[in-house]
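> show me how the following folds:
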Amino acid sequence: MPSGFQNAVDQLQAEMYKVIVDMSNTTYYPTADGNDNGGVTPNSWDAFTTPPSTLVLGKARARGNIRFRNIVNRLQALGDCQIRDITMDSASSGNTEATADTQSATLQFTVLFERPLFAALTGSAIGASTVGNDINGSTMDTTAKVVRNAITQGIRDVTTSQARVYNPAVGVGGTQQSITVTTTGATIAQQIGTVSVTQIDESTLFN
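So this is what the prediction gives:
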């Protein structure tokens, strides 16, 4: 039998990836009323001091929150992961998600995979070596590209979910409604072009 230390796909070999979703193009991420608006956001309406000012904006807030949940579901399907350091826009952008009525122009977060080899490049089998293609037909030959593809799929997932939606006519607590999110005004190529994923270099210090 072979002896000594050997790597295996089920070992903890953590890798972190920086994700940026550019939602500044309102054709790709519409702000007008409809099932395709709302952008992507982790913040539901009750995360704000002042709730949405209209039912239309309340529904948009719910759609953005559902899309973020869809992204998380897609990432979790790749393997054990954590979502960290979520920010909406940057301090210098002048468009922070300061109110529930604001559709953010940028979403950034870090995703940590404890077993990155589970995110197979084929998207179908743990540890498989055959390279697969993303939803735009491009080669997925790195884990970063697999993550990018999963996030884009989450953004484009057509979903109908029950959600708490703030309606000013009802007041505190909102109402339970069936909310549908559809693909936005972007093509597949345009949508995946709004998502960037880069592996974060790590250094370990020993005292």
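> residues contacting Glu97?
For Glu97, the set of contacting residues under the criterion of C-beta atoms under 8 Å, 6 or more residues apart in numbering consists of 41, 43, 88-89, 104. Glycine gets a C-beta too; all of them are placed from N, C-alpha and C.
> among the residues you listed, which lie within helices?
Applying DSSP state H to the contacts of Glu97, no entry is found in helices.
> just the residues you listed: which has the poorest pLDDT?
Summarising pLDDT for the contacts of Glu97: the lowest-scoring member is Asp89, with 79.
> helices of this structure, residue ranges please.
Assigned by DSSP H, the chain shows helices spanning 55-78, 143-156, 188-193.
> quick one: closest of the ones you listed to Arg164.
Arg164 lies closest to helix 55-78 among those, at 7.4 Å (C-beta to C-beta).
> now for the closest one, which elements pack on it?
For helix 55-78, the contact count by 3 or more C-beta pairs under 8 Å, 6 or more residues apart in numbering; DSSP states H and E identifies strand 81-88, strand 106-113, helix 143-156, strand 159-165, strand 175-181 as packing neighbours.
> in that helix, which residues are buried?
Using 16 or more other C-beta atoms under 10 Å as the burial criterion, the residues of helix 55-78 that qualify are 55, 57-72, 74-75, 78.
> relative to strand 175-181, how tilted is that helix?
Between helix 55-78 and strand 175-181, the angle formed by their directions is 60 degrees, by axes from the mean of the first three to the mean of the last three C-alpha atoms, to 10 degrees.
> what lines up beside the worst-scoring helix or strand of the chain on mean pLDDT in the sheet?
Comparing every helix and strand of the chain by mean pLDDT, DSSP states H and E singles out strand 132-133 as the least confident one, with a mean of 79. Each strand pairing with strand 132-133, determined using DSSP bridges, is listed with its direction: strand 139-140 (antiparallel).
> still on that earlier bit, which one of the helices of the chain lies closest to Lys18?
Distances from Lys18 to each of these were compared using C-beta to C-beta; the minimum, 9.3 Å, belongs to helix 143-156.
> residues touching that closest one, excluding its own?
Contacts of helix 143-156 (C-beta under 8 Å, 6+ apart): 15, 17, 19, 21, 40, 67, 70-75, 77-78, 111, 113, 116, 119-121, 123, 134-135, 138-140, 183-184, 188, 191-192, 195-199.
> where does the prediction get shaky in the protein?
1-13, 90-96, 115-131, 202-207 (pLDDT under 70).
> which residue, other than its chain neighbours, is closest to the residue nearest to the spatial centre of it?
Centrality entry for the chain: nearest residue to the mean C-alpha point is Ile71, 3.9 Å, by C-alpha atoms, centre = their mean. If you skip the residues right next to it in sequence, Ile71 has Gly154 as its closest partner in space, 3.4 Å away by C-beta to C-beta, 6 or more residues apart in numbering.
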